[in-house]
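Enquirer: Next come a sequence and a model predicted from it.
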Amino acid sequence: GHYDTGGYEHYLLKEISEQPETVARTLSGRLDERFHIAHLGGLNMDARETRSFRRVKIIGCGSAYYSGQIGAQLIEELARIPADAEPASEFRYRNPVVDPDTLYVAISQSGETYDTLAAVQELKRKGGRVIGIVNAVGSAIAREVDGGIYLHAGPEVSVASTKAFTSTAIAFALLALHFGRVHDLSPAEGRRIVDGLAKLPAQIEEILEQGPAIAELSRKYAVHPSMMFVGRVRGYPVAREGAQKLKEISYIHAEAYPASELKHGPLALIGPELPTVAIVPDDELLDKNLTTLGEIRARGGRVLMIGHREPGAKLADDVIVVPRNEIELDPILLTIPLQLLAYHAAVALERDVDKPRNLAKSVTVE
Ligand code: AGP
């Protein structure tokens, strides 16, 4: 057909593999290397209006929500505007206070998710200003919002979202850069982010080249019925998305926790039968994360670390090293190996990779 697996065994592997190109498309025409800003004409917002928001509230469902959590952190870090993400389904049912100084951002790959659409409609009824980060052009959510950013990632067929997740995180980096540069992000800092974004396609390619090694690790870990995923701050939404991908397509039970919360409960689960995937970027929280790895290992827990270097002192059984970018952008790259990990686990367990049981590509019902 007009859109087929292009020689790949599954749509999912095709969609994971095409991310260097889809990311380049999300960035295309939007990076200004002269003024170190982002061009986001679709927002339909002048500088004065862009400066007027005091908060950002992000809503979406499932993986869209997790990418929104990455987005909230990017906006807080780069623009210093308070931002947070919430499942659209929760938001719409709790009779939210709609604040005129808040910019609402709705995320949806399909643009047809009913809970997200209903949340947008509720916001609009109450006079909220809503923009969208959407992949499907002309979809219901795209038509309902006041403006936004299209991902241009192309059709996503496999039920598990991969390239749309990555492009959404990148759209948020562009939005955060845009907001930052009308606030206090300096030209030099803007340049650091512009240069970091421009490097992403080649760095994703480097991670994809590790496919065979990651497949081997998947086969090793897929014998366990359950896995723990942990990360701190920037690593936490990455852990949540990694757990989501694994449970969705391999049916292995996976739980994501902030690494800092382990000792407040779930550490009781840790032992040789429950391995942990730990997201450990080389940021200011590295030492804290290494301490957590030590605590897991001391209880006989196996550790698969995703990070920027070998941790030393045998703190991990296995390590997947990803290229470094700017620390704010690292979550984008740290997610890619988790997509491959889930994919190869699903293949090893002979699951229906592109159409997992009980799930629909877009949830158009309540
Ligand atoms: C992702 O792997 C899931 N299939 C699911 O969580 C999805 O992200 C969610 O249903 C939202 O879909 P949307 O982006 O099309 O609104």
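Expert: Cool, got the structure. Numbering: from 1, shown residues only.

Enquirer: from here on, contacts and neighbour counts on C-alpha atoms
Expert: Noted.

Enquirer: helix/strand/coil for the residue most central in space within the chain?
Expert: By CA atoms, centre = their mean, the chain has its centre lying nearest to Ser67, at 3.5 Å. Under DSSP: H, G, I helix; E, B strand; the rest coil, Ser67 falls in the helix class.

Enquirer: Give me the neighbour count for the closest residue in space to it that isn't next to it in sequence.
Expert: Leaving aside its sequence neighbours, Ser67 sits nearest to Ala169 (CA to CA, 6 or more residues apart in numbering; 5.6 Å). Summarising burial for Ala169: neighbours were counted as other CA atoms under 10 Å, giving 25.

Enquirer: Also Lys220?
Expert: 12.

Enquirer: and it, what pLDDT?
Expert: As predicted, Lys220 sits at a pLDDT of 98.

Enquirer: From the ligand, how far out is it?
Expert: Lys220 is 23 Å from the ligand, where distance means CA to the nearest ligand atom, to the nearest Å.

Enquirer: Output the helix ranked longest in the chain in CSV with nothing but the alpha carbons.
Expert: In the chain, ranked by residue count with DSSP state H as the criterion, the top helix is helix 187-208. Written as CSV, here are the backbone C-alpha positions of helix 187-208 (Å, rounded to 0.1, in the frame of the first residue of the first chain):
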residue,chain,number,x,y,z
PRO,A,187,21.4,34.5,23.1
ALA,A,188,24.4,32.3,24.2
GLU,A,189,22.1,29.9,26.0
GLY,A,190,19.7,29.9,23.1
ARG,A,191,22.5,29.0,20.8
ARG,A,192,23.5,26.1,23.1
ILE,A,193,19.9,24.7,22.7
VAL,A,194,19.7,25.4,19.0
ASP,A,195,23.0,23.6,18.4
GLY,A,196,21.9,20.7,20.7
LEU,A,197,18.7,20.3,18.8
ALA,A,198,20.4,20.3,15.4
LYS,A,199,22.7,17.4,16.6
LEU,A,200,19.8,15.1,17.5
PRO,A,201,19.1,13.3,14.2
ALA,A,202,22.8,12.1,13.9
GLN,A,203,22.8,11.1,17.6
ILE,A,204,19.6,9.1,17.2
GLU,A,205,21.3,7.3,14.3
GLU,A,206,24.2,6.4,16.6
ILE,A,207,21.8,4.9,19.1
LEU,A,208,19.9,2.9,16.4
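
Enquirer: what helices or strands is that helix leaning on?
Expert: Packing partners of helix 187-208 (3 or more CA pairs under 8 Å, 6 or more residues apart in numbering; DSSP states H and E): helix 19-27, strand 37-38, helix 163-182, helix 330-348.

Enquirer: least trustworthy helix or strand in this protein by mean pLDDT?
Expert: helix 47-52 (a mean of 92; mean pLDDT, DSSP states H and E).

Enquirer: hang on, isn't Ser167 packed against Val23?
Expert: Yes. With contact defined as CA atoms under 8 Å, Ser167 reaches Val23; the gap is 5.8 Å.

Enquirer: if I look at the two, which residues touch both of them?
Expert: Common contacts of Ser167 and Val23 (CA atoms under 8 Å, 6 or more residues apart in numbering): Ala153.

Enquirer: want to try CSV for the helices and strands packed on helix 187-208, with distance to Glu248 and mean pLDDT as columns?
Expert: Below are these laid out as CSV (distance: least, CA to CA, whole Å; pLDDT from 0 to 100):
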stretch, distance to Glu248, mean pLDDT
helix 19-27, 20, 98
strand 37-38, 34, 96
helix 163-182, 15, 98
helix 330-348, 9, 98
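
Enquirer: Compile these into CSV and extend it with columns for distance to Gly307.
Expert: Formatted as CSV, those follow (distance: least, CA to CA, whole Å):
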stretch, distance to Gly307
helix 19-27, 20
strand 37-38, 28
helix 163-182, 17
helix 330-348, 7
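
Enquirer: closest to the ligand out of the ones you listed?
Expert: Nearest to the ligand among these is helix 163-182; the distance by CA to the nearest ligand atom comes to 7.6 Å.

Enquirer: any idea how far the closest residue to the ligand within the stretch 151-300 of the chain is from Gly60?
Expert: The stretch 151-300 of the chain approaches the ligand most closely through Ala160 (3.4 Å), counting by CA to the nearest ligand atom. Taking CA to CA, to the nearest Å as the measure, Ala160 and Gly60 are separated by 15 Å.

Enquirer: Just give the closest residue to Thr166, not the sequence neighbours.
Expert: Ile332 (6.2 Å).

Enquirer: number of nearby residues for the one you found?
Expert: 23.

Enquirer: what comes up buried for stretch 115-129?
Expert: 115-124, 128-129 (16 or more other CA atoms under 10 Å).

Enquirer: how distant is stretch 123-142 from the center of its chain?
Expert: Put simply, stretch 123-142 sits 20 Å off its chain's centre (CA atoms, centre = their mean, to the nearest Å).

Enquirer: can you list contacts of that stretch?
Expert: Applying CA under 8 Å, 6+ apart, the set of residues contacting stretch 123-142 is 43, 98-100, 102-112, 116-117, 120, 145-155, 164, 168, 171.

Enquirer: and with 6 Å instead?
Expert: 103-112, 117, 145-151 (CA atoms under 6 Å, 6 or more residues apart in numbering).

Enquirer: Check stretch 78-98 too.
Expert: 55-61, 65, 68-69, 72, 76, 115-116, 119, 176, 179-180.
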